[in-house]
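Student: next comes the sequence, and after it the predicted model I'd like to discuss.
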Amino acid sequence: MYWNKEAETLKRDELEKLQEKRLKSIVNYVYKNSRFYREKFKELNLKISDINSIDGITKLPFTQKSDLRDNYPYGMLSTDMGNIIRVHASSGTTGKPTVVAYTRNDIDMWSEVMARSIVAPGGTKNDVLHVAYGYGLFTGGLGLHYGGERVGCTVIPASGGNTQRQLLLMHDLKSTILACTPSYAIYIAEYAEKEDIDPKEDLNLKIGIFGAEPWSESIRRRIEDALDLKAFDIYGLSEIVGPGVAQECEEQNGAHIWSDHFFPEIIDPETGEQLGEGEEGELVFTTLTKEGMPLLRYRTGDRTVLEYDKCACGRYHPRIMRIRGRTDDMLIIRGVNVFPSQIEHVLMKIPEVGSHYLLIVDKKGPLDILTVRVEVTDKIISDKVKDLMKLEEKIKNSISNALGLNVDVELVEPGEIPRSEGKAVRIRDLRKEKRG
């Protein structure tokens with residue numbers, strides 16, 4: 001299904017022509033209007049005329065999250081404040097928040113790509129869209145909200161929290177699309193089971209649009225089974241626009257980047273060198289149509305692969321395959337690179353394991369140690385102690401075989417690992433806590 005068939009079915013050569021035109025335009029725009037980028041161009045002795053094709057994008061400077069923090073709050077703007085009609089910001093958990101600003105045209109473009117993102121997995125104007133992402137400075141809630149209204153959906157601005165009320169609203173208002181983080185979807189399913197609510201009988205959900213954190217295919221299947229819906233991945237980040245940068249279609253085979261607005265690259269995270277098609281690396285975006293705070297070659301920190309083949313849905317827009325992890329989430333344990341998603345993939349294949357886990361990193365003498373704390377199912381917890389010991393050994397062996405890493409395993413009862421109504425916390429690094 002398409003919201004904007006003409007834009008969504010552009011062939012690859014047509015997309016590249018449009019991208020080249022818009023790249024030249026945005027480079028000219030930021031050079032004229034952004035003090036930050038003018039200084040970057042001067043540092044690199046770079047001229048606007050040097051960017052005369054898509055290939056020239058590699059000459060442009062990278063932009064990083066630290067640039068937004070260093071220029072807090074409005075130093076990255078490319079327009080006057082009189083043209084800014086909305087501001088969003090990150091949580092600022094690692095320092096000052098990163099502020100992003102939108103003109104009226106930016107909000108209109110965001111609503112457009114969000115409308116595409118709701119229709120691509122099967123949403124229509126006849127759907128009731130239950131938005132359980134947080135509203136406010138976080139981009140998730142309002143992004144889905146405006147996209148849903150653009151499509152013509154009946155939008156329920158539930159925001160996060162109060163799960164009992166969420167289920168009541170979904171039941172009474174006959175919600176057909178649920179939008180939230182995948183970890184909160186799992187929590188909703190657990191709460192429904194505890195309250196003897198059968199999603200198949202008591203709810204009308206058919207589609208789930210889940211994002212804001214990495215999640216695996218195994219978690220997808222668990223959510224689909226528990227809530228009786230089809231689960232689709234949405235990708236975005238506030239620095240680029242918010243949710244709606246990319247969205248899975250009904251094929252569930254990678255999230256289509258709306259690349260007429262956001263130009264993607266994959267780079268080597270160590271060298272910054274642009275990588276070829278099909279190679280795994282760090283995802284980088286250049287915004288092609290933003291006015292308020294356009295960004296050149298923004299390093300997302302997300303590791304993935306891009307696929308450029310035509311999708312069975314008819315779209316040529318490149319697809320982000322499953323995010324392997326964030327470069328800043330990668331753990332190095334005794335010389336082995338480990339992403340939480342790799343361990344999740346192993347855990348979710350074991351039937352006796354629940355959907356919640358926590359990776360605890362500590363130091364024992366000179367060596368780093370990794371403990372995998374994982375909930376087990378109600379059935380296994382009621383079995384004999386020796387069965388728990390067998391399960392512990394099974395998890396250790398499975399992780400060792402998959403990653404070549406020996407870990408400690410701590411089994412806990414269902415409900416012991418804290419739940420999240422937003423993004424799930426998967427790592428606790430005691431090494432950093434001890435350093436203060």
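Tutor: Thanks, I have the structure now. Numbering: from 1, shown residues only.
Student: shaky segments in the protein?
Tutor: 91-95, 328, 335, 380-386, 433-436 (pLDDT under 70).
Student: repeat that with 80
Tutor: Scanning the chain for pLDDT under 80 picks out the ranges 90-96, 324-330, 332, 334-337, 339, 364-367, 378-386, 420-423, 431-436.
Student: state whether Phe263 is indeed within a strand.
Tutor: Yes. Using DSSP: H, G, I helix; E, B strand; the rest coil, the assignment for Phe263 is a strand.
Student: grab the nearest non-local neighbour of it.
Tutor: Thr286 (4.5 Å; Cβ to Cβ, 6 or more residues apart in numbering). C-betas here are computed from N, CA, C, even on glycine.
Student: how close does the one you found get to Thr63?
Tutor: Computed as Cβ to Cβ, to the nearest Å, the Thr286 to Thr63 distance reads 9 Å.
Student: who touches both of the two?
Tutor: Jointly contacting Thr286 and Thr63 under the rule Cβ atoms under 8 Å, 6 or more residues apart in numbering are Leu295, Leu296, Arg297, Tyr298.
Student: just the ones of those residues in strands?
Tutor: The strands, defined by DSSP state E, take in Tyr298 from the shared contacts of Thr286 and Thr63.
Student: format the shared contacts of Thr286 and Thr63 as JSON lines; extra columns: neighbour count.
Tutor: Shown next, in JSON lines, are the shared contacts of Thr286 and Thr63 (neighbours: other Cβ atoms under 10 Å):
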{"residue": "Leu295", "neighbour count": "28"}
{"residue": "Leu296", "neighbour count": "24"}
{"residue": "Arg297", "neighbour count": "20"}
{"residue": "Tyr298", "neighbour count": "22"}
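Student: between the shared contacts of Thr286 and Thr63, which is closest to Glu251?
Tutor: Tyr298 (27.4 Å; Cβ to Cβ).
Student: what sits against the closest one?
Tutor: Tyr298 touches Phe62, Thr63, Gln64, Glu239, Ile240, Val284, Phe285, Thr286, Thr287, counting by Cβ under 8 Å, 6+ apart.
Student: which of those residues are buried?
Tutor: Neighbour counting with 16 or more other Cβ atoms under 10 Å marks Thr63, Gln64, Glu239, Ile240, Val284, Phe285, Thr286, Thr287 as buried within these.
Student: tell me where the stretch 301-436 of the chain has strands.
Tutor: Taking DSSP state E, counting those that start in this stretch to define them, one finds strands in the stretch 301-436 of the chain at 306-307, 319-320, 325-326, 331-333, 336-338, 353-364, 367-376, 408-412, 427-429.
Student: nearest to Gly123, of those?
Tutor: Distance to Gly123, taken as Cβ to Cβ, is lowest for strand 319-320 among those, at 18.8 Å.
Student: give the partner strands of that closest one in its sheet and their orientations.
Tutor: Within its sheet, strand 319-320 is paired with strand 255-257 (antiparallel), strand 306-307 (antiparallel), according to DSSP bridges.
Student: got the contact list for that strand?
Tutor: So strand 319-320 is in contact with 235, 246, 253-257, 264, 283, 304, 306-307, 311, going by Cβ under 8 Å, 6+ apart.
Student: quick check: the farthest pair among those?
Tutor: Top of the distance list for the contacts of strand 319-320 (Cβ to Cβ): Leu283 and Cys311, 18.4 Å.
Student: more crowded one of these two?
Tutor: Legend: neighbour count by other Cβ atoms under 10 Å for Leu283 and Cys311, higher for Leu283 (27 against 18).
Student: quick one: contacts for that one?
Tutor: Pro264, Glu265, Ile266, Thr300, Asp302, Arg303, Thr304, Leu306, Ile320.
Student: among those residues, name the buried ones.
Tutor: Pro264, Glu265, Ile266, Thr300, Asp302, Arg303, Thr304, Leu306, Ile320.
Student: nearest to Leu359 among those?
Tutor: Arg303 (16.9 Å).
Student: enumerate every residue touching the closest residue in space to the closest one that isn't next to it in sequence.
Tutor: Nearest non-adjacent residue to Arg303, counting by Cβ to Cβ, 6+ apart: Arg324, 4.5 Å away. Contact partners of Arg324, counting by Cβ under 8 Å, 6+ apart, are Pro214, Glu280, Arg303, Thr304, Phe339, Ser341, Gln342.
Student: ok, back up a step: now render the strands paired with strand 319-320 as a markdown table, adding distance to Leu15.
Tutor: Output for the strands paired with strand 319-320, formatted as a markdown table (distance: least, Cβ to Cβ, whole Å):
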| stretch | distance to Leu15 |
| --- | --- |
| strand 255-257 | 10 |
| strand 306-307 | 13 |
